[in-house]
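Asker: pasting the sequence and the predicted model now:
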Amino acid sequence: MPPDYSSLVFKVDLGDGAELRPLEPWQAPEFFEHMERARATVDPWIPWASRSADLASARATLQRYADWQAADGNRIYGIWLDGVLVGGTMFVGFDTRSGVCEVGCWLEPAGTGRGLVTRAVRVLIDWAFTVRGMHRAEWHCRPDNVASSNVARRLGMTLEGTLRANYPWKGVRHDTQIWAVLEPEWKTPS
């Protein structure tokens, strides 16, 4: 029987058969297959979804995050449900000097309606505040992405404002809501 190497890679049990784990370049084939299932629902909200159009570009997406993480910057994590990659969350921005991070997420239809994103993002924000000493966590979303703004609400974030017509997608400019929670406001999950 081979040794159990699961302790070499961190994973967080999200409950109900779901796990949060790092997404790394060697996982590009699995990530690309997932993007093929998720692209239609993810592309309007996540800019790199349409750019991860083949195995090489999917690997490049994960490599960019690996490079950023090596420089103590942005990071990306996958959400696996019953062993299948169904979505993820990431630090879109991670600035230790200013103490500000931005968290984002995506999910394919097979993972929706289970609270996976809320639980996964809660783990990232809690880590950013309690381990890395961040002061502010932001969440950016389009106003018409109701599922995303609902996550921000469930996380106890405050809607601070809307940037008008700042996000172009397929020739149309969209607004972006800015949600945030400050470290003193954060309630660590029990």
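Answerer: Cool, the structure landed.
Asker: helices and strands of this protein: which one bottoms out on pLDDT?
Answerer: For the chain, counting by mean pLDDT, DSSP states H and E, helix 47-51 ranks last in confidence among helices and strands (a mean of 80).
Asker: show me what it is packed up against.
Answerer: For helix 47-51, the packing partners by 3 or more Cβ pairs under 8 Å, 6 or more residues apart in numbering; DSSP states H and E come out as helix 28-42, helix 55-70. C-betas here are computed from N, CA, C, even on glycine.
Asker: now the angle from the last one to helix 28-42?
Answerer: Put simply, helix 55-70 runs at 90 degrees to helix 28-42, going by axes from the mean of the first three to the mean of the last three Cα atoms, to 10 degrees.
Asker: re the thing from before, could you export the helices and strands packed on helix 47-51 as JSON lines, including distance to Met157, mean pLDDT and mean neighbour count?
Answerer: JSON lines is the format used below for the helices and strands packed on helix 47-51 (distance: least, Cβ to Cβ, whole Å; pLDDT from 0 to 100; neighbours: other Cβ atoms under 10 Å):
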{"stretch": "helix 28-42", "distance to Met157": "21", "mean pLDDT": "92", "mean neighbour count": "18"}
{"stretch": "helix 55-70", "distance to Met157": "23", "mean pLDDT": "96", "mean neighbour count": "16"}
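Asker: any chance of the ones you listed in CSV, with distance to Val146 too?
Answerer: Listed next are those as CSV, based on distance: least, Cβ to Cβ, whole Å:
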stretch, distance to Val146
helix 28-42, 13
helix 55-70, 26
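Asker: looking at those, which is closest to Gly83?
Answerer: For these, proximity to Gly83 was assessed by Cβ to Cβ; helix 28-42 is nearest, at 10.4 Å.
Asker: pull the closest one out as CSV, backbone CA atoms only.
Answerer: Taking C-alpha atoms only, helix 28-42 is exported to CSV below (Å, rounded to 0.1, in the frame of the first residue of the first chain):
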residue,chain,number,x,y,z
ALA,A,28,-4.1,22.3,-15.9
PRO,A,29,-5.8,19.3,-17.6
GLU,A,30,-8.4,19.0,-14.8
PHE,A,31,-8.8,22.8,-14.7
PHE,A,32,-9.3,23.0,-18.5
GLU,A,33,-11.9,20.2,-18.4
HIS,A,34,-13.7,22.1,-15.6
MET,A,35,-13.5,25.4,-17.6
GLU,A,36,-15.1,23.6,-20.6
ARG,A,37,-18.1,22.8,-18.3
ALA,A,38,-18.1,26.2,-16.6
ARG,A,39,-17.2,28.6,-19.4
ALA,A,40,-20.7,29.8,-20.3
THR,A,41,-21.6,30.7,-16.8
VAL,A,42,-18.2,32.0,-15.7
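Asker: that's all I had, so thanks and see you.
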